[in-house]
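Asker: Requesting a structural model of the entry that follows:
(2 chains)
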Amino acid sequence: MTFRNLLTLLFAGTVSLWASAQSGTVGLSAADRLQLLKTNRDLLDDLLDQGTRVADANTPIDRAAECQRTTDRLAREYRTALDRSDADRAGEIGDHLDKIVSEGFAPNLEIALRDSKPGSPDYKRVQAIHRDAVQSLDGLTATPLPDGPLTKSKRLRQAREKLAATTAKLGKPDDR
Amino acid sequence: MKCEAVQNRLLATPDALHPSAELAAHVAGCVACLALRARVAELDHYLAHLPTAPSSDARKAAFLESVQDEGPIIKSKPRTLRTPSGTFRPWRAVRREHYAGLAAALLVALAGLAYFTRNKAQTPEIAEKPRYELLKKEVRHVAKLATSDSAPQRMTVWAEWASDVKSETKDLYKVAASDELLALGRLFERAVKDGILKQANMLDKHMPAGERQALFQDALARLTEVVNDTTLWAQNAPPDAQKTLNKMAATARAAVSELQPLVKGV
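Answerer: Purely as a prediction, here's the structure:
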């Protein structure tokens, strides 16, 4: 066997190891994807609705409010997954919640808080949005999970920890 | 130099009675090596005087023929594991041809280790279910729209959104039931009408021509691709799928027609 064959073998081995390290979504069959489409059809529709609402919102307060509505929709999906003891689904939705909160809601909340004068109607509205969001997210992450498949899932545990950290970064709303 | 090394080299020397100066210097002052040299010389002497069978051309030819017919048993020169200085180097026993085998064995061992380690770490967990890539992309688009301040940025996001739906359609149109495919068709239509076209109509009419053209070029290219691809797929698609694919093509075609006059702005 020549040196070139040795290199080829090493390359093939490396590729195999890399492939085995990939997540389960790579190389899904059409049937699996079809099942995923069926499961997510309503949520996809609702997210597209939310996308149009977010795009129509012209101010950071309005965008924060629409993001909050999006997180409410995802939170509903999350709770449904928990009720079914579907840890993987809850973990997946938990990650999506974190994405919307950290990359959509938080930046708009920050601008809205900065730009609204204390005592003004806008300020009160931002505070209300902030309070609702934190309460809702705390409710998702602070509630202990029942013993069973939910507590055993590393994916769900990580998603909850991440979401809790993102929620903590939102800070405490001003209750005055 | 140690006696062991000297004796090894002495054995390898063709004429033990006349070794190299270096060996001779050691042998002259070492009783053990001197004895060995004497023994080697004695053996050499006996070998030289071993009786040999009378030879002939016929015997020689027969012998050569037998060697050539059967092939030599030892085809390559054996390698010594010792250097001329007598140091033992076991890796010299590994031939270059064996490296690939060793590498393969190493890879198999590593893969096995990774497999068993991973299984051990995940013992309490059930195999994870796959995540839906289109859902992930939609969530990302919503987050992006939330931080997009302008119509051009939003139009770009919607163009990507429509493309993602098209890609999903590509992978599923052959197997999806008409309901599922219709759902994808609806998503595409809304991403185009409520997304791309709506934002295109909100663009500043005085937007610099270069920026406007680049923006529209991207959206038009994506939509034209949808027209071409879905028309092509429809030719070999199941009848139910054909209807949705043709509708997607029509939606994309209509959007291209609506966008083209807007490319120039005022």
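
Asker: Just the element for A:L140, please.
Answerer: helix A:121-142 (DSSP states H and E).

Asker: Where do the domain boundaries of chain B fall?
Answerer: B:3-93, B:95-129, B:133-262 (automatic domain parsing).

Asker: Quick one: mean pLDDT for the longest one?
Answerer: It stands for domain B:133-262. Averaged across domain B:133-262, pLDDT comes to 93.

Asker: ok, now the second one?
Answerer: Here the mean pLDDT over domain B:95-129 is 70, rounded to a whole number.

Asker: Mean neighbour count for the domains of chain B - can I get that in CSV?
Answerer: Any C-beta I mention is one placed from the backbone N, CA and C, and that applies to glycine too. As requested, these are exported to CSV (neighbours: other C-beta atoms under 10 Å in any protein chain shown):
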stretch, mean neighbour count
domain B:3-93, 11
domain B:95-129, 12
domain B:133-262, 19
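
Asker: In a markdown table: those, plus distance to chain A.
Answerer: Below are these laid out as a markdown table (distance: least, C-beta to the nearest C-beta, whole Å):
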| stretch | distance to chain A |
| --- | --- |
| domain B:3-93 | 16 |
| domain B:95-129 | 4 |
| domain B:133-262 | 3 |
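
Asker: Could you list every helix and strand in contact with whichever strand or helix holds B:W161?
Answerer: Using DSSP H and E, the element containing B:W161 is helix B:151-172. With contacts taken as 3 or more C-beta pairs under 8 Å, 6 or more residues apart in numbering or on different chains; DSSP states H and E, helix B:151-172 sits against helix A:30-56, helix B:133-146, helix B:178-190, helix B:198-201, helix B:209-236, helix B:239-259.

Asker: Would you mind giving the ones you listed as JSON lines with distance to B:N8 added?
Answerer: Listed next are the helices and strands packed on helix B:151-172 as JSON lines, based on distance: least, C-beta to C-beta, whole Å:
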{"stretch": "helix A:30-56", "distance to B:N8": "67"}
{"stretch": "helix B:133-146", "distance to B:N8": "68"}
{"stretch": "helix B:178-190", "distance to B:N8": "80"}
{"stretch": "helix B:198-201", "distance to B:N8": "87"}
{"stretch": "helix B:209-236", "distance to B:N8": "76"}
{"stretch": "helix B:239-259", "distance to B:N8": "81"}
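
Asker: The ones you listed: which one's closest to B:P51?
Answerer: helix A:30-56 (84.0 Å; C-beta to C-beta).

Asker: now the closest one, how far from the centre of its chain.
Answerer: Centroid separation for helix A:30-56 versus its chain: 14 Å, with C-alpha atoms, centre = their mean, to the nearest Å.

Asker: Stretch B:148-168 now?
Answerer: 34 Å.

Asker: again, but for stretch B:48-65
Answerer: For stretch B:48-65, the distance to the chain centre is 59 Å (C-alpha atoms, centre = their mean).

Asker: can you tell me the distance between the two ends of it?
Answerer: 27 Å (C-alpha to C-alpha, to the nearest Å).

Asker: And the helices in the stretch 1-150 of chain B?
Answerer: B:3-12, B:21-28, B:31-48, B:57-70, B:98-121, B:133-146 (DSSP state H, counting those that start in this stretch).

Asker: Make JSON lines from the ones you listed and add distance to A:L37 to it.
Answerer: Compiled in JSON lines, those are given as follows (distance: least, C-beta to C-beta, whole Å):
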{"stretch": "helix B:3-12", "distance to A:L37": "76"}
{"stretch": "helix B:21-28", "distance to A:L37": "83"}
{"stretch": "helix B:31-48", "distance to A:L37": "85"}
{"stretch": "helix B:57-70", "distance to A:L37": "70"}
{"stretch": "helix B:98-121", "distance to A:L37": "29"}
{"stretch": "helix B:133-146", "distance to A:L37": "7"}
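
Asker: in stretch A:158-172, what's buried?
Answerer: Applying a neighbour-count criterion of 16 or more other C-beta atoms under 10 Å in any protein chain shown, one finds A:159-160, A:162-164, A:166-167, A:170 buried in stretch A:158-172.

Asker: Could you do stretch A:97-109 as well?
Answerer: A:97-109.

Asker: Chain B next: which of those are close?
Answerer: On the criterion C-beta under 8 Å from any C-beta of the partner chain, A:99-100, A:103-105, A:107-108 are the entries of those that sit beside chain B.

Asker: can I get the CA coordinates of the host helix or strand of A:K169 in CSV?
Answerer: Take DSSP H and E as the rule and A:K169 turns out to sit in helix A:154-170. Extracted in CSV, the C-alpha atoms of helix A:154-170 (Å, rounded to 0.1, in the frame of the first residue of the first chain):
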residue,chain,number,x,y,z
LYS,A,154,-30.0,17.2,28.3
ARG,A,155,-31.4,19.1,25.4
LEU,A,156,-34.3,20.5,27.4
ARG,A,157,-32.1,21.3,30.4
GLN,A,158,-29.7,23.3,28.2
ALA,A,159,-32.6,25.1,26.5
ARG,A,160,-34.1,26.1,29.9
GLU,A,161,-30.8,27.2,31.2
LYS,A,162,-30.1,29.3,28.2
LEU,A,163,-33.6,30.9,28.3
ALA,A,164,-33.2,31.6,32.0
ALA,A,165,-29.9,33.4,31.4
THR,A,166,-31.5,35.4,28.5
THR,A,167,-34.5,36.3,30.8
ALA,A,168,-32.1,37.4,33.5
LYS,A,169,-30.4,39.8,31.1
LEU,A,170,-33.7,41.5,30.4
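
Asker: So what's the model's average confidence on it?
Answerer: On average, helix A:154-170 scores 95.
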